[in-house]
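Q: Here is a sequence with its predicted model. Questions after.
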Amino acid sequence: MNAVVVVVDRLHAGYLGCYGNTWVGTPRLDRLAAESLVCDFATLDRPGIEPFYRACFTGLHAWQREDARAGLLQQLFEREVEVLCLTDEPLLPPLWSDTAEVVQLPSSQAGLAAATEAETQLATMFAAALEQSHSLREPFLFWVHLQGLGAPWDAPYELRARYVEPDEPAPPENVSVPRLALPPDADPDLMLGYSHAYAGQVALLDGCLGAFLEGLRAAPWAARTLLIFTSARGMPLGEHGLIGPYDTPLACELVHIPLLLRLPDASAALARTHALVQPADLAATLRAWWNLPDCPGWGRSLLHLAGGWQTLRDRAFLYDGQAEWAIRTQHWYLRRQASDEGPRYALFVKPDDRWERNDVADRLPEVVETLDTALNEFIHSAADPDLALQSPLPDRVD
């Protein structure tokens, strides 16, 4: 039994057809979604490359203290599962243990858009990943991490221009990833232009991923291989005044990540789940896939959802590593920001208020209080790696 995990950093779930987008063409990703279990409400526990991989390898929440338990990579090594990671992210190799082989490819330094799709960084990386897959020895874990939409947007200009309506301004030509804090009176055309540029990069990703997946389908081990597609974090694109690779605040465009799980027997095809999923669940999923001993922590196997479970947990917790905490339930999303004047709260109805436009904290103080109590309970208990059980949530906030 094998597994392939593809992580595309800075991928905004709202730009994918399988997550409701209607104007950016992502037919290959949509096909993968149709073959997979689609996790509608996957969120980070803490934005950043290091926290993401800590969760993936330990099954712990970012706030939990580590102990001497064997991590996923050590368990796979002891089971004689070959582990290979291919990446263009310079921050990644130190996060992997010496029991895994890490192939580090150059990150993009592009200053101009590529003349063809084949010359882009994404195409280069997926081609290298497909070539590397030919030498895999079963059983294996093949992990592909791409800088993705956090690398220069070097797709041919016509890919971003295809989304411009006749009465709209042309999208920007620059390739560097923008990083902008917008004033309240920012020109909407500025945000629209970068949205078109990002859409062009997503269309490029869709084509490159499609070619990679076709190659995997033809592999002799395809019928024995689990595939997981996800992102390490999203990308703000003006929804809350920021454009670019920010890791705060804990708004949907950053913390909501796509997550697709394709089983080799297609038993989870056309399935969707509203379960609250977090990165620690990837560790539990891979342990379950190889029948490895599980470890107490935050993670729960996604294979349970593929097998018919309706939920993994009734709440998810998020932390930005600085001053903001959040709690997500099926119906609510509460964000708490520390300040000199005391905590500031924002409350959003989920899933209706997808992009968190309507803060109802002032109108529902009892919901804020209940969720804040649950958040404090987690903060005070989750330093224990065994994770004390949380008190049940009242029906009105579950």
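A: That came in fine, so what should we check first?

Q: so where is this protein shaky, pLDDT-wise?
A: 68-69, 382-390, 396, 398 (pLDDT under 70).

Q: now the strands for it?
A: 2-8, 37-42, 82-87, 101-104, 140-146, 180-181, 225-230, 242-243, 259-262, 271-277, 316-319, 324-328, 332-337, 344-349 (DSSP state E).

Q: Any idea which of those gets closest to residue 164?
A: Counting by C-beta to C-beta, residue 164 lies closest to strand 242-243 out of those; the figure is 17.6 Å. Using the backbone N, CA and C atoms, a C-beta is placed for each residue, glycine as well.

Q: So for residue 310, what's the nearest residue that isn't a sequence neighbour?
A: Leaving out its chain neighbours, the residue that sits closest to residue 310 by C-beta to C-beta, 6 or more residues apart in numbering is residue 275, at 7.0 Å.

Q: before we move on, back to that, any chance of the strands of the chain in JSON lines with mean neighbour count as columns?
A: Output for the strands of the chain, formatted as JSON lines (neighbours: other C-beta atoms under 10 Å):
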{"stretch": "strand 2-8", "mean neighbour count": "23"}
{"stretch": "strand 37-42", "mean neighbour count": "22"}
{"stretch": "strand 82-87", "mean neighbour count": "20"}
{"stretch": "strand 101-104", "mean neighbour count": "14"}
{"stretch": "strand 140-146", "mean neighbour count": "24"}
{"stretch": "strand 180-181", "mean neighbour count": "14"}
{"stretch": "strand 225-230", "mean neighbour count": "22"}
{"stretch": "strand 242-243", "mean neighbour count": "22"}
{"stretch": "strand 259-262", "mean neighbour count": "24"}
{"stretch": "strand 271-277", "mean neighbour count": "20"}
{"stretch": "strand 316-319", "mean neighbour count": "24"}
{"stretch": "strand 324-328", "mean neighbour count": "23"}
{"stretch": "strand 332-337", "mean neighbour count": "22"}
{"stretch": "strand 344-349", "mean neighbour count": "19"}
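
Q: Out of those strands, flag the one nearest residue 23.
A: strand 242-243 (18.4 Å).

Q: mind checking how far the closest one is from the chain centre?
A: When distances are taken as C-alpha atoms, centre = their mean, to the nearest Å, strand 242-243 is centred 18 Å away from the chain's centroid.

Q: So which elements touch it?
A: Using 3 or more C-beta pairs under 8 Å, 6 or more residues apart in numbering; DSSP states H and E, the elements in contact with strand 242-243 are strand 180-181.

Q: got the contact list for the strand it packs on?
A: With contact meaning C-beta atoms under 8 Å, 6 or more residues apart in numbering, strand 180-181 is reached by 190, 241, 242, 243, 244.

Q: Contact partners for the closest residue to the first one other than its chain neighbours?
A: When you say that, I think you mean residue 190. Take residue 190 and drop its neighbours on the chain: the residue closest to it by C-beta to C-beta, 6+ apart is residue 182, 7.5 Å away. Each residue near residue 182 by C-beta under 8 Å, 6+ apart is listed here: 190, 191, 238, 241, 242, 243.

Q: Having no further points to raise, I will conclude here.
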